[in-house]
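In: pasted the sequence and its predicted model underneath.
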Amino acid sequence: MAMTATGGPPRHGWLFAAVWLFYLTGNVQALLHQPTTLWRVTGLISVVLFAAAYLYLVARARLIRRDVRPPRHTPHTWLGIAALLALFAAQVPGAGDSALTCLVYIAALAMVNLPIVQAAPLAVILFAGAEISTRTVDGWTDGGYGLAVLLGSLATYGIRTADERRRGLVAAQKELSERAVQDERARIAADLHDILGHSLTVVTVKAELAQRLLDVDIDRARAELADLEALARDALADVRATAMGVRGISLPGEIAAAREALAAANVEADLPGAADEVPTRNRELFAWTIREAVTNVVRHAHAHHVEVLLAPASVEIVDDGVGGHPVGGQGLAGLRRRAEALGGKLVAGTRTDRPGFRVRVEVPT
């Protein structure tokens, strides 16, 4: 069965079906040699009407392949098949056993247009009728009509099954595409949350600091405002890069950004001087961890001291604040997904040794 570029059935499938009407030429030849005018004319008219009705039912079969069933499709199909059987019967007096060719078309249509539980019994009946009639009616010979009915039924059933599997595959591909879109939206949303959460937190802290410095140290206030402009531009660039899927993040860069953010918030920081010992595969995850933890410290912790402990397979951020981090927040949830993607785990919660909060990500070595 030919398919269109969109993966659906051909729009002009009836033209393909019309080619198979060539086998009705045997009926026509038998009718043209029929000496009785009444049976000859009746038979020829019946052949034409049979071909037209067959093409009409083929066109309706296209709706089934598209899984668009019109109301009362099955009863209408049975009426169409009954009409084809009547036109077949009208050819028998003039064409004799040549008219049995019509049974092949009827069986094939039934296997495509009707539910299988109805089409299969009809095909068996037509097969039996072709086999029995050629053996019982005087003058009729076995021209392989029963075998043709059987093969035609099996072939169209195979086409129908293949098309149903194709439609199932298309539906599965569509579902996978929709899931991929949803996953990408979730990724972008998580990245935007992490990026904007960090950047806007630092902007807020620096804006408050600049406002306090306006009446005390105008030069330093100008410097803080200049930093605000730079941070806003960087945040805008990060958002654009994330939306385009080319966002990158570096561990040394996040350590430097954490030092700047914590200094602006008047939080004493104990940060690693280098990140050379961390393997490449862990660096992005550890950078996101530091960004999220430091953002939460500046926002919620009211801490005076923060320490970042960095190792090849782990990163830990501890503070001495009030432990006011949103444990169920989107930021930590996204961080947990990132850690699990590398086979690691995230531990976040109140410190047990002293007041404060601890965020730790550990991955397999």
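Out: On my side now, so go ahead.

In: where does pLDDT dip in the stretch 1-150 of the chain?
Out: Per-residue confidence of the stretch 1-150 of the chain (counting by pLDDT under 70) places the weak regions at 1-17, 61-71.

In: and the strands in it, which stretches?
Out: Listed in chain order, the strands found in the stretch 1-150 of the chain under DSSP state E, counting those that start in this stretch amount to none.

In: over to the stretch 201-350 of the chain?
Out: With DSSP E, counting those that start in this stretch as the criterion, the stretch 201-350 of the chain has strands at 268-270, 305-311, 314-319, 345-350.

In: dump these to JSON lines, plus mean pLDDT, mean neighbour count and distance to residue 178.
Out: Heads up, the C-betas are built off the backbone N, CA and C, glycines and all. Below are those laid out as JSON lines (pLDDT from 0 to 100; neighbours: other C-beta atoms under 10 Å; distance: least, C-beta to C-beta, whole Å):
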{"stretch": "strand 268-270", "mean pLDDT": "91", "mean neighbour count": "14", "distance to residue 178": "44"}
{"stretch": "strand 305-311", "mean pLDDT": "93", "mean neighbour count": "18", "distance to residue 178": "40"}
{"stretch": "strand 314-319", "mean pLDDT": "93", "mean neighbour count": "23", "distance to residue 178": "35"}
{"stretch": "strand 345-350", "mean pLDDT": "90", "mean neighbour count": "16", "distance to residue 178": "29"}
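
In: redo these as a markdown table? Include distance to residue 252.
Out: As requested, these are arranged in a markdown table below (distance: least, C-beta to C-beta, whole Å):
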| stretch | distance to residue 252 |
| --- | --- |
| strand 268-270 | 15 |
| strand 305-311 | 11 |
| strand 314-319 | 13 |
| strand 345-350 | 22 |
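
In: between these, which one is closest to residue 47.
Out: Nearest of those to residue 47, taken as C-beta to C-beta: strand 345-350 at 76.4 Å.

In: the closest one: how far from the chain's middle?
Out: Centroid displacement of strand 345-350 relative to its chain, using C-alpha atoms, centre = their mean, to the nearest Å, is 34 Å.

In: and if you look at stretch 84-97?
Out: Using C-alpha atoms, centre = their mean, the mean C-alpha position of stretch 84-97 is found 50 Å from that of the whole chain.

In: what's it in contact with?
Out: Residues lying outside stretch 84-97 but in contact with it, judged by C-beta atoms under 8 Å, 6 or more residues apart in numbering, are 27, 30-31, 34, 36, 39-40, 42-47, 49-50, 53-54, 57, 99, 102-103, 105-106, 109, 133-134, 137, 139-141, 143, 145.
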